[in-house]
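>>> build the 3D model from these lines:
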Amino acid sequence: MSFSKIAFLGTGLMGSPMCKNILKSQLPLTVWNRSKNKTNQLETLGAKVASSPHEAVTEAEVIITMLSDGAAVDDLIFKQNVAENICKGATHIDMSSIGAHEAIDHSKKHFIKGINYLDAPVSGGTKGAEAGELAIMVGGNKEHFEAMINVFNSMGQSTFVGPNGCGQLSKLANQIIVAITIGAVSEAFILAGEGGADRGQVRKALQGGFASSRILTEHGRRMIDRAFEPGGAAKFQVKDLRNAIRASEQLDLNLPITKLVHKLFSDMVDSGKPDMDHSGLITHLEEINNIAIT
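Now for the predicted structure:
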């Protein structure tokens, strides 16, 4: 399926490299960002820059949002009335990580206006976004999903997981696994290191066994190198875990491990580290144990 206009709203840390890959696929892209300077490079690469989100979505067949959370999406699309400028029959792909309940609410609001809606959060961080290798979890109507395959393929590997809200539930499942594994790797390094083992060599040894994982490989390296510039900020990990707990409560479920890790990340953020990479949880656990790393 070919398109005459794709609008992308939110060209930040993740959105910008995603836009670059859309442009590499020679898809017609119009971008908007609240801070206009974040669209300058995209303009040099061939994107059109809109002066407002309303202008960006006008006559677009596909609208992609990549914003901080559900409140930001709701404010931009509905409270600022951007939805009023979206054409009937267009498809809004929300790639932000928001609550499943928010995605379902947004889908209902779009349905009333005759707009297709897919919740399609991503995993892979900035590295995956830059490489065009994001894992994209899509909830909605399967026919609408299939019509967007070329768009999704420009950014990564997409998987249809069920009706609206299920994309976000899949992302929350991803974030639960990521957060708990970061905690496990952190505590493992602390235990081995305080016992006299070299943390770097422990990581190397564990990569050859059942404990091997992408978290151990990539975030474990961050922990060893003390490289905590954000690929995924801790404050967003807290948001995702909070949404996971809310979803579990709505399904009458109890996720005790998720609640424990949510508390640890919340305490990390409250201690002054909201913008540290979530792998920096190890620094919070070190502080709990009075461990000073120089």
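>>> quick one: furthest residue from the center of the chain?
Most distant from the centre of the chain: Gly196, at 36.9 Å, with distances by C-alpha atoms, centre = their mean.
>>> mind checking the SS state of it?
coil (DSSP: H, G, I helix; E, B strand; the rest coil).
>>> got the residue ranges for the helices in the stretch 151-294 of the chain?
166-194, 199-206, 214, 220-225, 234-250, 256-270, 281-288 (DSSP state H, counting those that start in this stretch).
>>> domains for the protein, by residue range?
Following automatic domain parsing, one gets these domains for the chain: 6-162, 169-288.
>>> of these, which stretch is the most buried?
domain 6-162 (a mean of 19; mean count of other C-beta atoms under 10 Å). C-beta: built from backbone N, CA, C; applies to glycine.
>>> any idea how far it is from the chain center?
The chain centroid and the centroid of domain 6-162 are separated by 12 Å, computed with C-alpha atoms, centre = their mean, to the nearest Å.
>>> figure out the length between the terminal residues of that domain.
Domain 6-162 has an end-to-end distance of 24 Å (C-alpha to C-alpha, to the nearest Å).
>>> show me what the mean pLDDT comes to for it.
Mean pLDDT, domain 6-162: 97.
>>> same thing with stretch 177-196?
On average, stretch 177-196 scores 98.
>>> neighbouring contacts of that stretch?
Contact with stretch 177-196 is made by 123, 199, 202-203, 206, 211, 213, 215-216, 219-220, 223-224, 237, 240-241, 257-258, 261-262, 264-265, 278-279, 281-282, 285-286, 289, 291, as judged by C-beta atoms under 8 Å, 6 or more residues apart in numbering.
>>> could I get it in CSV with only the CA atoms?
The C-alpha atoms that make up stretch 177-196 are tabulated as CSV, following Å, rounded to 0.1, in the frame of the first residue of the first chain:
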residue,chain,number,x,y,z
ILE,A,177,10.7,-8.9,32.3
VAL,A,178,13.2,-6.1,31.7
ALA,A,179,12.8,-4.5,35.1
ILE,A,180,12.9,-7.8,37.0
THR,A,181,15.9,-9.0,35.1
ILE,A,182,17.8,-5.7,35.6
GLY,A,183,17.2,-6.2,39.3
ALA,A,184,18.4,-9.8,39.2
VAL,A,185,21.6,-8.9,37.3
SER,A,186,22.2,-6.0,39.7
GLU,A,187,21.9,-8.2,42.8
ALA,A,188,24.0,-11.0,41.2
PHE,A,189,26.8,-8.5,40.4
ILE,A,190,26.7,-7.1,43.9
LEU,A,191,26.8,-10.5,45.5
ALA,A,192,29.6,-11.8,43.4
GLY,A,193,31.6,-8.6,43.6
GLU,A,194,31.4,-8.2,47.3
GLY,A,195,32.6,-11.8,47.6
GLY,A,196,35.7,-11.0,45.8
